[in-house]
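# below are the sequence and a predicted model; questions follow.
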Amino acid sequence: MSEVLSQNEIDDLLKALSTGELDVEAYSSPKEAQVKDYDFTRPAKFSKEHLRTLEIIFENYGRLLYTNLPAYLRKNVQVEVVNSEAVAYSEFANALSNPVLLCMVDFEPLQGKVLMELAPTLGYAIIDRLLGGTGETLEKKRDFSEIEISIIERIISICIELLREPWANVVELNPRLEKIETNSQFAQVVSPTEMIAIVTLNLKIGDIEGLMNICLPFLTLEPVMDKLNTKYWYSTMKAKEEAVYEETIEMLISKAKIPIKAVLGSSSISVADFANLQKGDIIKLNSGIEDELTVYVGNISKFKALPGSADDNYAVRVTSIIREE
């Protein structure tokens, strides 16, 4: 039932019409229906809700990379979700450069393959770090050798194994690295017109920064699309106590290797004496035979110990702990 106007309201309307404040044609002419174009070559298979849920999943994945990778690379790792979008696979493939690090991942029990593209600069930095370097990248890009690919596979396999936990609320995954391709032409996992979701992560390993793109085809995610919404994801999310994260961090720290050394003593000699040292010469130290040695953990003095041997090896027996407090 329409609202009935009062006499005063009718008088105000008539006055507005007579003075020209209201345009009769603007109210009497019917509005044209807005027609929205639909691109059949890019069907809207991923909604904003789907993409937002994928961002949440990979934000959780980024936190796992942040806590786990430093234990293997001995470098600070920062991860941030940059963007998520739905595009045709051909757009993703055409944007790839050569050489490229394309990791083909089996998303069992889901059908199809998922691609993880790692920036070559990050690949060079990982190789340099694992081979004892400082984690520098190459200024000029070149192809990766088979040995370098094998080294990178170790880190990529760890990254893929970490996908289990973020996806646990959607599907129980058993992800597995199938192979790494350095040529984008050999990584045609779906039809060029097939729609895919791309989640972009920004990785920073030490001072080296690069992108990781995760390509998720619609055919692979189709069986679980109903679960890719924030309402379902939060309702099934398992709350974890802070103690679990503390335990995980402690476990990762306990695996870290640190250098330890016991210093027998020190001495000062002239440059001339040092240049004339011969086999059999004796250098007198500033410590006695019965004196305790200082044991350094890294560059910090932590223990006092006495020298000895164990199983035909030199050894020290800790006698006291040096506590700074």
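That came in fine, so what should we check first?

# all contacts plus neighbour counts: C-alpha atoms, from now on.
Fine.

# ok, now which ones touch the nearest residue to residue 64 once chain neighbours are set aside?
The shortest distance from residue 64 to any non-neighbouring residue, by C-alpha to C-alpha, 6 or more residues apart in numbering, is to residue 162 (6.9 Å). The contact partners of residue 162, taken as C-alpha atoms under 8 Å, 6 or more residues apart in numbering, are 61, 64, 65.

# distance-wise, check the last one relative to residue 150.
In this case it means residue 65. According to C-alpha to C-alpha, to the nearest Å, residue 65 and residue 150 sit 20 Å apart.

# same thing with residue 181?
Taking C-alpha to C-alpha, one finds residue 181 at 12 Å from residue 150.

# same deal with residue 180?
Counting by C-alpha to C-alpha, the separation of residue 180 from residue 150 is 9 Å.

# and the two? Which one has more around it.
Legend: neighbour count by other C-alpha atoms under 10 Å for residue 180 and residue 150, higher for residue 180 (21 against 14).

# what pairs with the host helix or strand of the more buried one, and is each one parallel or antiparallel?
Using DSSP states H and E, residue 180 sits in strand 174-181. Using DSSP bridges, the strands paired with strand 174-181 are strand 101-108 (antiparallel).

# looking at this protein, which helix or strand does the model trust least?
Every helix and strand of the chain was ranked by mean pLDDT, DSSP states H and E. The lowest is helix 24-28, at a mean of 58.

# for the helix or strand that comes right after that one, which helices and strands make contact with it?
Next helix or strand after helix 24-28 toward the C-terminus (DSSP H and E): helix 48-68. Contact partners of helix 48-68 among helices and strands, from 3 or more C-alpha pairs under 8 Å, 6 or more residues apart in numbering; DSSP states H and E: strand 77-88, strand 195-205, helix 230-236.

# and helix 48-68, what's buried?
50-62, 64-68 (16 or more other C-alpha atoms under 10 Å).

# and what of stretch 213-232?
213-221, 227-230.

# so of the residues you listed, which ones are in strands?
Judged by DSSP state E, the buried residues of stretch 213-232 include 213, 214, 215, 216, 217 as members of strands.

# what is the nearest of these to residue 207?
Residue 207 lies nearest to residue 213 out of these, by C-alpha to C-alpha, at 19.6 Å.

# contact partners for the closest one?
Residue 213 touches 116, 117, 118, 198, 199, 200, 201, counting by C-alpha under 8 Å, 6+ apart.

# burial check on residue 197, number of neighbours?
So residue 197, with other C-alpha under 10 Å, has 24 neighbours.

# what's the closest non-adjacent residue to it?
Leaving out its chain neighbours, the residue that sits closest to residue 197 by C-alpha to C-alpha, 6+ apart is residue 86, at 4.5 Å.

# look up how far residue 192 lies from that neighbour.
Distance from residue 86 to residue 192, by C-alpha to C-alpha: 13 Å.

# so the two - more neighbours on which side?
residue 86 (23 against 15).

# I figured the more buried one hits residue 49, correct?
No: with contact taken as C-alpha atoms under 8 Å, residue 86 and residue 49 are classed as non-touching, separated by 11.9 Å.

# picking up where we left off before, now, which of the buried residues of stretch 213-232 sits nearest residue 276?
residue 213 (61.0 Å).

# beta partners for the closest one?
On the basis of DSSP bridges, residue 213 is bridged to residue 117, residue 200.

# again, but for the one 4 residues further on
Under the criterion DSSP bridges, residue 217 forms beta bridges with residue 196.

# can you give me the neighbour number for the spatially closest residue to residue 138 that is not a sequence neighbour?
Nearest non-adjacent residue to residue 138, counting by C-alpha to C-alpha, 6+ apart: residue 124, 6.4 Å away. For residue 124, the count of nearby residues is 21 (other C-alpha under 10 Å).

# could you list every residue that touches residue 124?
Counted by C-alpha under 8 Å, 6+ apart, residue 124 has contacts 135, 136, 137, 138.

# with just CA atoms, put the host helix or strand of it into CSV.
Element membership of residue 124 [criterion: DSSP H and E] is helix 120-130. The C-alpha coordinates for helix 120-130 follow below in CSV (Å, rounded to 0.1, in the frame of the first residue of the first chain):
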residue,chain,number,x,y,z
PRO,A,120,64.8,-16.6,-10.4
THR,A,121,66.5,-14.0,-8.1
LEU,A,122,65.2,-16.0,-5.1
GLY,A,123,66.4,-19.2,-6.6
TYR,A,124,69.9,-17.9,-7.1
ALA,A,125,69.9,-16.6,-3.5
ILE,A,126,68.7,-20.0,-2.1
ILE,A,127,71.5,-21.8,-4.0
ASP,A,128,74.1,-19.4,-2.8
ARG,A,129,72.9,-19.7,0.8
LEU,A,130,72.8,-23.5,0.8
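
# quick one, what contacts residue 196?
86, 87, 88, 89, 215, 216, 217, 218.

# oops, could you answer that again for residue 163 instead?
So residue 163 contacts 61, 173, 175 (C-alpha under 8 Å, 6+ apart).

# so which of those residues comes closest to residue 268?
Among the contacts of residue 163, and counting by C-alpha to C-alpha, the member closest to residue 268 is residue 61, at 54.2 Å.
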